[in-house]
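J.: this is a predicted model, with the sequence first.
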Amino acid sequence: MFLDFLQWGVWALFLCPCHLTVSTPLDCRDDPGSLTRCPSISQEKLLDRVIHHAELIYRVSEELCSLFEELFIPFPLRLQSNQAGYACITKALPIPSSKSEIQEISDKWLLQSVLMLVQSWIEPLVYLQMTLDNYDHAPDMLLNKTKWVSEKLISLEQGVVALIKKMLDEELLTTVYSEPSVLQNDVQPEVLESVMKDYTLLSCFKKDAHKMETFLKLLKCRQTDKYNCA
Amino acid sequence: MKKAEGVIILWWLLFFTLHAEGTSYSLPGKPTLTNCRSPEKETFTCWWEPGSDGGLPTTYHLYYRKESSDAVHECPDYRTAGKNSCFFNKNDTSIWINYNITVVATNARGSTFSDPVEIDVVYIVKPNPPEKVTANVSWNKSWPSLRVSWDPPQKADTRSGWITLIYELRIKLEGEDKWEEHPAGQQKMYNIYSLQSGGTYLVQVRCRPDHGFWSEWSDSTYFKVPDYFPQERSIWIIIMIFSVFIFLILIWAIHMNSHTLKHHILPPVPGPKIKGFDKQLLKSGKSRDAFSSLVGSDFPPTTTNYEDLLVEYLEVYIPEEQGLMLEEGKDLHDGSLKSKSYTSDSDSGRGSCDSHALLVDKSEEEKEVGQKSNQQGGRTEMDLKRPEESPEENILNYSHANVGSPDVSCEKVKTWPSLFSPLTENSSGPLDQPDSPEMAKQHCLSDSLFPPSPLSSPFAPPGHKEVLGSNYQEYSFGNLHPQTGSHQYLRAHGNMNVANIGHKGVPADLQLPPVRSTEYVEVQKVNNENMVLLYRVSSDVEKGCPGRRHTEEYSRLKGVNNDNGLLLLQRMVSEEEMNICPYEDQESSGLTDSGYTTSTAQKSTAYIPPATQVLDERVAGGYVDTSMFTLPIY
């Protein structure tokens, strides 16, 4: 019995590093609490991966938006604004919204803003998934993309947390900023209204994804040879 | 008249006024916003297309509303960007906020609103083209390479990372139509190789943000690649000369060895090899002369009286000087005729192995011809045929029913039972008459050269001299009583090696199948009387391919002389013969009386000169196959 265990231990010892090195980036991301286990990844690399994640999320959200618009939104209403009057859920967040503002704030605040954005979108996306399932003719691609995005968002959150820890040496709990007013499963009086609501949700998400990406890219250029990304 | 003119004028005025009123009364046409673009994500411009102006001076105004507020603002700057445009400067531009923009066309009659357009600045970024595109030619080990470098557009703030630009360049030779495009990623320089010497190139660069539109192509930058002819071309010239040289050598070598090569590639088809046959004579058209060496003067037989011919055939004599000549007798012929009924097997190349029928017939035949003392077992062909010789020379080369086949394992019955017949008891000749029509030992000769042919052919007029010359004739000993080794008879089979001889001029019916005799006579020695002492082939043969024979024990039986002496030819052991199913050495018990002569010396010196000639050519040592009488082709 002991010998078996020893043997298993030896095998694990041999295989584990490989496993670690192969999957280290993911491990570091997925488990922010175990950053100490992934000392190998550098801050730059981590930032690169976070940026890459954000890019992907934005691209997929863009596809989601256009797909949704094509399928469910009648032509006259195809405008990016939330004509139905639904404000973006993240409107209330203290996030810089102009270039000058952004360039003034510190790295920390940039990261914090990103984290806030990410965290505030996790739950709405889950909600959106549920809603889309109720649609009559939602194609699988739509559902799959939504699912993918919400998953990736969680990864992004973990990555940002890790990044914060690395860059700022601050521990941040993964809190969720929820906007209950929007997330409530209210009575949906009209189909069209709910569709418009979802459409607005998607548009807002797309915008916020772009924000995240921009913030992170700015952050990156701040790191590398200050103000000389070019 | 005046009245008419007045009416006309009135009409004209009315028409004109009406027409004039119509144009001025129209509202302006609906303008349309064509596009809005931001070059650096900090400012943006919108352009619109005016509709019809309705005949009156029309003014255009652009109003916008931001997402978060309901306040309507007018375009701050109509001029900077040109006509029908609105420029939003940095202060007025907010990103990540939707703008609702409308253009209004107003004239005296009224206003027309355009369709509203909703934009977000971050999604409409189209940068300016890259600037300061430079191309430098550098040399790398005498090969030129081009290094293109550029700067991002001035306004785009790539430094802080506000905009991330991705570049692309394209290059082409001056005068060509097609561009060669190269994506360059985020880097600001690019290397190009594989340039034409002395060519003039154009290069252009463009860029786009990570989520946005491509910019326009930058202005063309020209550069010229200096000539680098000498190095490259000289090498090619040397290579060309070398290869031409080698090519010439090859041609010469091929020419020198063309004959050999031709032989290798297209091996010559073996022609007929008939000894004594002169192809040239044949070609010259003198068939008579050509065949003269092959056949006796009697060929073609002028008579169809086979009976007459047969008689001669049966006569076997041994001339003093000459070798033994075997002649086939009439009985033989009969026997051969009877064996006609034996058809060769359906199996290709093999003689009829169903020997029982043959055997029966043979036995009958044997009895028939039993009287002939000097009967031979079969028809034998005189391989040494001299036209001046007696008709004995006419040896019909009967093709044996048994066609030699590569499969030596089959035991074949003698084709011609008549062969047995001559071998009567009273034959003091070398042949013993078989006691009973038992199956003679038959040996399958593996003779690949012996194509199967119907048995009917052997039954051509026996009187015909077979032009077909087989290399050998098979003599097969029919051992009717395997147990009794005392009976030995020489069965002569005319073995027609059709393939070898390539019988020319032989009548088709004479194309006897190269039936291999199945029986072999082992010649022990040839006495000084040119008698062949023949061994009976042991009964082992019946079991199939017996063991090997000592080849030296065999000689070809050339003929049977009148004194029952066998004219043995030294037989050239051809490959076929060697392939003959080797049969075991027969015990020498078969030695009979002195009537038999065996040739010990395979290289016969005991043969008559004429025969020796033949024999010399043919002997490779070996056994006498009774069936292997060579044709008189010499």
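T.: It's in. Numbering: from 1, shown residues only, chains lettered A, B, ... in the order given.

J.: now residue A:133. Nearest residue, chain neighbours left out?
T.: What sits nearest to residue A:133 in space, not counting adjacent residues and going by Cβ to Cβ, 6 or more residues apart in numbering or on different chains, is residue A:143, at 6.8 Å. Quick note: C-beta positions are derived from backbone N, CA and C, even for glycine.

J.: hmm, I typed the wrong one, I wanted residue B:154.
T.: Nearest to residue B:154 is residue B:131, by Cβ to Cβ, 6+ apart, at 6.4 Å.

J.: next up, the contacts around the one you found.
T.: Counting by Cβ atoms under 8 Å, 6 or more residues apart in numbering or on different chains, residue B:131 touches B:150-154, B:218.

J.: now do the phi/psi pair for the residue nearest to residue A:133.
T.: Main-chain dihedrals, residue A:143, degrees, to the nearest 10: phi -70, psi -40.

J.: could the contacts of residue B:131 go into CSV alongside neighbour count, pLDDT and secondary structure?
T.: As requested, those are arranged in CSV below (neighbours: other Cβ atoms under 10 Å in any protein chain shown; pLDDT from 0 to 100; DSSP: H, G, I helix; E, B strand; the rest coil):
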residue, neighbour count, pLDDT, secondary structure
B:150, 26, 93, strand
B:151, 14, 91, strand
B:152, 23, 91, coil
B:153, 19, 91, coil
B:154, 12, 90, coil
B:218, 20, 93, coil
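
J.: ok, so of those, who is nearest chain A?
T.: Checking these against chain A by Cβ to the nearest Cβ gives residue B:152 as the nearest, at 6.2 Å.

J.: correct me, but residue B:161 touches residue A:222?
T.: Yes. At 7.3 Å, residue B:161 counts as touching residue A:222 under the criterion of Cβ atoms under 8 Å.

J.: now the helices for chain A?
T.: For chain A, applying DSSP state H gives helices covering A:2-30, A:43-72, A:99-104, A:107-134, A:140-168, A:180-183, A:191-223.

J.: and the fifth one, what does it pack onto?
T.: Meaning helix A:140-168. helix A:2-30, helix A:43-72, helix A:107-134 (3 or more Cβ pairs under 8 Å, 6 or more residues apart in numbering or on different chains; DSSP states H and E).

J.: starting at the chain centroid, how far to the second one?
T.: What separates the centre of helix A:43-72 from the centre of its chain is 8 Å, taken as Cα atoms, centre = their mean, to the nearest Å.

J.: how does chain B divide into domains?
T.: B:32-120, B:131-234 (the TED database).

J.: those: which one's closest to residue A:111?
T.: Of all the domains of chain B, domain B:131-234 sits nearest to residue A:111, with 14.5 Å by Cβ to Cβ.

J.: quick check: mean pLDDT of stretch B:61-74?
T.: Per-region confidence: stretch B:61-74 scores 88 on mean pLDDT.

J.: quick one: buried residues of it?
T.: Residues B:62-67 are the ones in stretch B:61-74 that count as buried (16 or more other Cβ atoms under 10 Å in any protein chain shown).

J.: which of these are close to chain A?
T.: residue B:67 (Cβ under 8 Å from any Cβ of the partner chain).

J.: from the buried residues of stretch B:61-74, which land in strands?
T.: Counting by DSSP state E, the part of the buried residues of stretch B:61-74 found in strands is B:62-66.

J.: in JSON lines: the buried residues of stretch B:61-74, plus distance to residue A:49.
T.: Shown next, in JSON lines, are the buried residues of stretch B:61-74 (distance: Cβ to Cβ, whole Å):
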{"residue": "B:62", "distance to residue A:49": "43"}
{"residue": "B:63", "distance to residue A:49": "45"}
{"residue": "B:64", "distance to residue A:49": "39"}
{"residue": "B:65", "distance to residue A:49": "40"}
{"residue": "B:66", "distance to residue A:49": "36"}
{"residue": "B:67", "distance to residue A:49": "33"}
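
J.: kindly list the main-chain dihedrals of residue B:47?
T.: According to degrees, to the nearest 10, residue B:47 has phi -120, psi 150.

J.: what parts of chain B come near chain A?
T.: B:41-42, B:67-68, B:94-98, B:100, B:116, B:118-120, B:122, B:152, B:158-162, B:164, B:210-211.

J.: from those, list just the buried residues.
T.: Listed as buried from the residues of chain B next to chain A are B:41-42, B:67, B:94-98, B:100, B:116, B:119-120, B:122, B:152, B:158, B:160-162, B:164, B:210-211; burial here means 16+ other Cβ under 10 Å.

J.: which of those residues fall in strands?
T.: Per DSSP E, these map to strands at B:98, B:100, B:119-120.

J.: among the residues you listed, which pair sits farthest apart?
T.: B:100 and B:120 (10.8 Å).

J.: overlap in contacts, the two.
T.: Here residue B:100 and residue B:120 have no joint contacts, going by Cβ under 8 Å, 6+ apart.

J.: tell me the phi and psi of the nearest residue in space to residue B:115 that is not next to it in sequence?
T.: Nearest-residue entry for residue B:115: residue B:32, 6.9 Å, with adjacent residues in sequence omitted and distances by Cβ to Cβ, 6+ apart. With angles defined as degrees, to the nearest 10, residue B:32 sits at phi -130, psi 140.

J.: separation between residue B:32 and chain A?
T.: 16 Å (Cβ to the nearest Cβ, to the nearest Å).

J.: if I pick that residue, what's in contact with it?
T.: Contacts of residue B:32 by Cβ under 8 Å, 6+ apart are B:48-49, B:51, B:103, B:114-115.

J.: and the residues you listed, which are buried?
T.: B:48, B:51, B:103, B:114.

J.: could you dump the residues you listed into TSV with secondary structure added?
T.: Converted to TSV, those look like this (DSSP: H, G, I helix; E, B strand; the rest coil):
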residue	secondary structure
B:48	strand
B:51	coil
B:103	strand
B:114	coil
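
J.: comparing the domains of chain B, which comes out most buried?
T.: Ranked by mean neighbour count under mean count of other Cβ atoms under 10 Å in any protein chain shown, the domains of chain B are led by domain B:32-120, which reaches a mean of 18.

J.: out of the helices of chain A, the one nearest residue B:234 is which?
T.: Evaluated over those, closeness to residue B:234 peaks at helix A:43-72, with 49.9 Å, by Cβ to Cβ.

J.: using PDB, write out every CA atom in stretch B:190-201.
T.: C-alpha atoms of stretch B:190-201 as PDB (Å, rounded to 0.1, in the frame of the first residue of the first chain):
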ATOM      1  CA  TYR B 190       9.500  45.200 -43.200                       C
ATOM      2  CA  ASN B 191      12.100  43.300 -45.200                       C
ATOM      3  CA  ILE B 192      11.600  42.200 -48.700                       C
ATOM      4  CA  TYR B 193      13.800  39.800 -50.500                       C
ATOM      5  CA  SER B 194      13.600  38.200 -53.900                       C
ATOM      6  CA  LEU B 195      14.000  41.400 -55.800                       C
ATOM      7  CA  GLN B 196      14.700  41.700 -59.500                       C
ATOM      8  CA  SER B 197      18.000  43.200 -60.300                       C
ATOM      9  CA  GLY B 198      17.700  46.500 -61.900                       C
ATOM     10  CA  GLY B 199      14.000  46.800 -61.300                       C
ATOM     11  CA  THR B 200      12.100  49.800 -60.100                       C
ATOM     12  CA  TYR B 201       9.600  49.100 -57.400                       C
END
